[in-house]
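# Curious how this folds, go ahead:
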Amino acid sequence: MTNPTNTPKANSSQQPLAGLKVLDMTQFLSGPFGSMVLGDLGAEVIKIEPRSGELSRTIPPHFVADDSVYYLSVNRNKKNMVVDLKKIEGIEVIKNLVANCDIVIENFRPGVLERLGISYDKLSELKPSIIWCSVTGFGQDGPWRDWPAYDMMIQALSGGMSLTGTTEGPSVRAGIPLGDISAGLYGVIGILAALHERNLSGKGKHIDIAMMDCQVAMLSYQAAYYLHSGQVPGRQGTGHDSFPTYGTFPTKDGKSIVVTANTEKMWKEMANCLGLSALITDPRFITNKERLANRAQIEPLLQQAFLARNAQDWMDDFLALGIPAGVVNTLDITLNSPQIQHRQMVVELKDEIGHSVKVVANPIKFNEDLSTRSDYPARLGEHTDSILKDLLGYSDEQIMNLNTAGAVYQCD
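Residues are numbered from 1 along each chain as shown. Below you'll find the predicted structure:
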């Protein structure tokens, strides 16, 4: 079979997405996270920014030189190009970039790119093989499509935030940006599926990713419980709707331990370890069905028992018994732990002028010993001229005219 897109085929020593070119027109977190994953896997990612730079470059409180650590955390392994989409010449540059790329990922509000004449519908006529992923708050259609969207707003509207927090307190946002990150990941999944189809048909796809849809999909069994029973679940606190022996328990040293004893064998081992062997034959707690019906009676007994020892001591004993358990770690403990260090999940990025920043790495591991990409996030407009010349074939005079007109910008 011929390669319908003329994309170079990877060999066994290349990274999985080597040879693919991605035009990244995203800002903040959801889109940049997705395009970073593609870059980590070997794609050549060309990030487009305005002359002022995207706003996330200025998010406090932490900076390396003029760039925020927030920005640096999701923009490694990308080239950077400044193009002014308010100028006709800048629009022409984008059109030429699309013609020379395999994938476009963007997170403009619906309708913006149509007004600029660089939408999927328009440009796919010129390049039917283009794969175009739009990441927005609410999708390309529907009554909420024009609403602005940020992570916490999506967590709230999706219902996920109503499940998060203690039963006595208010709902709270998840400590990690689930709305943004899940949309970026679902975007990558859609792109990879479209790539597989394109390898067979030669035709691209428009992928419509809504942060709201992604969060609703992640409601998973909680949504199914409601749809089946009609009962609206409340805040989950530190427990589980189905297992009273699956929860978080304070310990003697002021720390907490999570235990997920969700089988009968685990429950019996747990009870014995806690010195609560009598509960195993108690009619109120014989099976999980009874334990769930009587969770108001069993939970105080478990809470009291855990206060007798330190969290790590309980964890060591439980793991030895085959009971899943873990201390609730803070980030300083997690990121310096032997497992995370062994898995190389912290990487230091360095540029040629001495800037460095430590970030978390890509978690996808392959059986082959492929070198890990760790390119420091590019400076604003660092690759503008080289992309125009090497990828698009512009002459020095054409590049100079674009810079003079303010349609593009090349940093010093």
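# use CA for all of it now, contacts and neighbours both
OK.
# residue ranges for the strands of this structure, please.
Taking DSSP state E as the test, the strands found in the chain are 21-25, 44-49, 63-64, 67-68, 79-83, 103-106, 131-136, 206-210, 246-250, 256-260, 325-327, 346-350, 356-360, 408-409.
# Let's have these in TSV, adding mean neighbour count.
Below are the strands of the chain laid out as TSV (neighbours: other CA atoms under 10 Å):
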stretch	mean neighbour count
strand 21-25	23
strand 44-49	25
strand 63-64	14
strand 67-68	18
strand 79-83	26
strand 103-106	24
strand 131-136	26
strand 206-210	22
strand 246-250	20
strand 256-260	21
strand 325-327	21
strand 346-350	16
strand 356-360	15
strand 408-409	26
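# Let's have those strands in a markdown table, adding distance to Ala183 and mean pLDDT.
Shown next, in a markdown table, are the strands of the chain (distance: least, CA to CA, whole Å; pLDDT from 0 to 100):
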| stretch | distance to Ala183 | mean pLDDT |
| --- | --- | --- |
| strand 21-25 | 15 | 98 |
| strand 44-49 | 18 | 98 |
| strand 63-64 | 26 | 98 |
| strand 67-68 | 22 | 98 |
| strand 79-83 | 22 | 98 |
| strand 103-106 | 12 | 98 |
| strand 131-136 | 7 | 98 |
| strand 206-210 | 7 | 98 |
| strand 246-250 | 28 | 94 |
| strand 256-260 | 28 | 96 |
| strand 325-327 | 28 | 97 |
| strand 346-350 | 23 | 96 |
| strand 356-360 | 19 | 97 |
| strand 408-409 | 30 | 98 |
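# would you list those in a markdown table and tack on distance to Asp385?
Converted to a markdown table, the strands of the chain look like this (distance: least, CA to CA, whole Å):
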| stretch | distance to Asp385 |
| --- | --- |
| strand 21-25 | 16 |
| strand 44-49 | 12 |
| strand 63-64 | 25 |
| strand 67-68 | 21 |
| strand 79-83 | 8 |
| strand 103-106 | 20 |
| strand 131-136 | 25 |
| strand 206-210 | 29 |
| strand 246-250 | 55 |
| strand 256-260 | 53 |
| strand 325-327 | 51 |
| strand 346-350 | 22 |
| strand 356-360 | 25 |
| strand 408-409 | 8 |
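# Gln231 is nearest to which of these?
strand 246-250 (21.1 Å; CA to CA).
# Give me the contact list for the closest one.
Applying CA atoms under 8 Å, 6 or more residues apart in numbering, the contact partners of strand 246-250 are 238-240, 256-262, 302-303, 306-307, 311.
# which helices and strands sit right next to the helix ranked longest in the chain?
Counting residues, the longest helix in the chain under DSSP state H turns out to be helix 178-201. If contacts are counted by 3 or more CA pairs under 8 Å, 6 or more residues apart in numbering; DSSP states H and E, helix 178-201 sits against helix 30-40, strand 131-136, helix 151-157, strand 206-210, helix 211-217.
# Contacts only, for the residue nearest in space to the middle of the chain.
Residue closest to the mean C-alpha point of the chain, counted by CA atoms, centre = their mean, is Ile181 at 2.8 Å. The contact partners of Ile181, taken as CA under 8 Å, 6+ apart, are 29-30, 33-34.
# please redo it, this time with the cut-off set to 6 Å
Ser30 (CA atoms under 6 Å, 6 or more residues apart in numbering).
# domain assignment for the chain?
21-218+346-409, 246-334 (automatic domain parsing).
# closest one to Gln14 among those domains?
Nearest to Gln14, of all the domains of the chain, is domain 21-218+346-409, at 7.3 Å by CA to CA.
# Quick one: distance of that closest one to the chain centre.
How far domain 21-218+346-409 lies from its chain's middle: 12 Å, per CA atoms, centre = their mean, to the nearest Å.
# ditto for stretch 337-352
On CA atoms, centre = their mean, the centre of stretch 337-352 falls 18 Å from the chain's centre.
# Start and end of it, how far apart?
End-to-end span of stretch 337-352 (CA to CA, to the nearest Å): 29 Å.
# swap in stretch 376-389?
22 Å.
# now stretch 179-195: mean pLDDT?
For stretch 179-195, mean pLDDT rounds to 98.
# Would you mark the buried spots in it?
Applying a neighbour-count criterion of 16 or more other CA atoms under 10 Å, one finds 179-188, 190-191, 194-195 buried in stretch 179-195.
# The nearest residue to Arg291 once chain neighbours are set aside: neighbouring residues, count only.
Leaving aside its chain neighbours, Arg291 sits nearest to Phe285 (4.5 Å; criterion: CA to CA, 6 or more residues apart in numbering). By the criterion of other CA atoms under 10 Å, Phe285 has 19 neighbours.
# Please tell me how far Phe285 sits from Glu264.
Taken as CA to CA, the span from Phe285 to Glu264 is 11 Å.
# How about Asp375?
Distance from Asp375 to Glu264, by CA to CA: 49 Å.
# Counting neighbours, go ahead and name the busier of those two.
A direct count of neighbours by other CA under 10 Å for Asp375 and Glu264 places Asp375 higher, at 17 against 13.
# Tell me how many other residues crowd the residue nearest to the more buried one when sequence neighbours are not counted.
Nearest residue to Asp375 in three dimensions, chain neighbours excluded: Asn77, at 4.7 Å (CA to CA, 6+ apart). The number of residues packed near Asn77 is 26, by other CA under 10 Å.
# And for Pro60?
11.
# Then the one 5 residues further on?
Here the neighbour count serves as a burial measure; for Ala65 (other CA under 10 Å) it reads 9.
# Just give the closest residue to it, not the sequence neighbours.
Ala65's closest residue in space is His355 (CA to CA, 6+ apart), at 7.7 Å.
# Same check on Asp40?
Closest to Asp40 by CA to CA, 6+ apart is Arg373, at 5.9 Å.
# what do you get for Gly247?
Nearest one to Gly247, counting by CA to CA, 6+ apart, is Gly239 at 4.2 Å.
# Ok, Val346 next?
Val360 (4.5 Å).
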